[in-house]
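>>> have a look; sequence and predicted model below, questions after that.
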Amino acid sequence: MRVESRADIRRSADRGLADHGWLKSFHSFSFADYHDPRHMGFGPLRVINEDRVQPCMGFGAHGHRDMEIISYVLEGGLAHRDSMGNGSVLKPGDVQRMSAGTGVTHSEYNASDRELVHFLQIWIEPDVRGVKPGYQEAHFDAASKRGRLALIASPDGRAGSVSIHQDASLYAALVDGTEAVEFAQRAGRRTYVHVVRGTVAVNGERLEAGDALKLSGAEAVRIDDGRDAEVLLFDLP
């Protein structure tokens, strides 16, 4: 059954693209040299960059302030180092949260000399500024996301999710065949659904990898008819 809502589809092909050779990055929202006043963010959700980094390449040390930065690895290994003393290699299923707060420096590199690393970097504006920088990792295997919405980031870190300084929650789901998931949107909230891979229907709208759907006013969000689909759902103020 189709659920009535105010929906806005953002197709993958309409995203910004930066191709630097060593890095191919699709921007769902305005970022760096890509600027579109129609796509500056959605509530506190400010950045979704889909990055593919060539072997042994990456982002050198650079700084951030007052931003909640989430990395979601899809393929390969992402090597991370930061000024807080953290260092690790993130693999598929890993979720990393870095609260930049008063200021942090970090670098990100492809940990392999043979394979691409493919990941999403997500920025969410915090609801409080000037906090002490922080770092957290969590792992969510395929079983935890199969046919259900697994909470991977939240304001209070419940259910094993990483915690962020914003009244926003991020869920991940794997949907295939007859599997279906539903999300009850609260009054006054908005929902952003980003298709990571595969194809899926969201409230009757057919979406492919890289597509997204902005929703407001929907009593429920239904995700079904998936074909090897992986989706992220943002519950936003």
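Arrived safely.

>>> am I right that Gly157 is in contact with Ser163?
Yes - when contacts are counted by CB atoms under 8 Å, Gly157 is listed as touching Ser163 (3.5 Å). In this view, the C-beta of every residue, glycine as well, is placed from N, C-alpha and C.

>>> and the strand ranked longest in the chain, how far out from the chain middle?
Counting residues, the longest strand in the chain under DSSP state E turns out to be strand 220-236. On the basis of CA atoms, centre = their mean, to the nearest Å, the separation between the geometric centre of strand 220-236 and that of its chain is 13 Å.

>>> for the residue lying closest to Ile223 once chain neighbours are set aside, give me its contacts.
The shortest distance from Ile223 to any non-neighbouring residue, by CB to CB, 6 or more residues apart in numbering, is to Val181 (5.0 Å). Contact partners of Val181, counting by CB atoms under 8 Å, 6 or more residues apart in numbering, are Gly147, Arg148, Leu149, Ala173, Val175, Arg222, Ile223, Asp224.

>>> would you check how far apart the third one and Phe29 are?
Computed with CB to CB, to the nearest Å, the distance linking Leu149 and Phe29 is 23 Å.

>>> same question for Gly93.
For Gly93, the distance to Phe29 (CB to CB) stands at 25 Å.

>>> pick out whichever of the two has more residues nearby.
Using other CB atoms under 10 Å, the more surrounded residue of Gly93 and Phe29 is Phe29, with 22 against 17.

>>> residues in contact with that one?
So Phe29 contacts His39, Met40, Gly41, Phe42, Leu45, Arg46, Val47, Ile48 (CB under 8 Å, 6+ apart).

>>> hmm, back to that, angles on the backbone of the residue nearest to Ile223, please.
When quoted as degrees, to the nearest 10, the phi and psi of Val181 stand at phi -130, psi 150.

>>> could you list the buried residues of the helix or strand bottoming out on mean pLDDT in the chain?
Lowest by mean pLDDT, DSSP states H and E among the helices and strands of the chain is strand 6-10, with a mean of 84. For strand 6-10, the neighbour count (16 or more other CB atoms under 10 Å) marks Ala7, Arg10 as buried.

>>> after that strand comes which helix or strand?
As assigned by DSSP states H and E, the chain's next helix or strand after strand 6-10 is strand 16-19.

>>> pull up the pairing partners for that next one, direction included.
In the sheet, strand 16-19 lines up against strand 23-27 (antiparallel) (DSSP bridges).

>>> stretch 220-229: which residues count as buried?
Val221, Arg222, Ile223, Asp224, Asp225, Gly226, Ala229.

>>> and if you look at stretch 123-131?
Buried residues in stretch 123-131 (16+ other CB under 10 Å): Trp123, Ile124, Glu125, Pro126.

>>> quick one: which of those is nearest His64?
Each of the buried residues of stretch 123-131 was scored against His64 by CB to CB, and Trp123 proved nearest at 8.6 Å.

>>> doesn't Ala168 make contact with Phe234?
Yes - using CB under 8 Å, Phe234 is in contact with Ala168, at 6.5 Å.

>>> and for the two, which residues touch both?
Joint contacts of Phe234 and Ala168 (CB under 8 Å, 6+ apart) are Leu45.

>>> which residues does the residue most central in space within the chain bridge with?
Closest residue to the average C-alpha location of the chain: Ile122 at 4.7 Å, with CA atoms, centre = their mean. Under the criterion DSSP bridges, Ile122 forms beta bridges with Ile48, Ile70.

>>> didn't it look like it was pressed against Tyr72?
Yes - using CB under 8 Å, Ile122 is in contact with Tyr72, at 6.8 Å.
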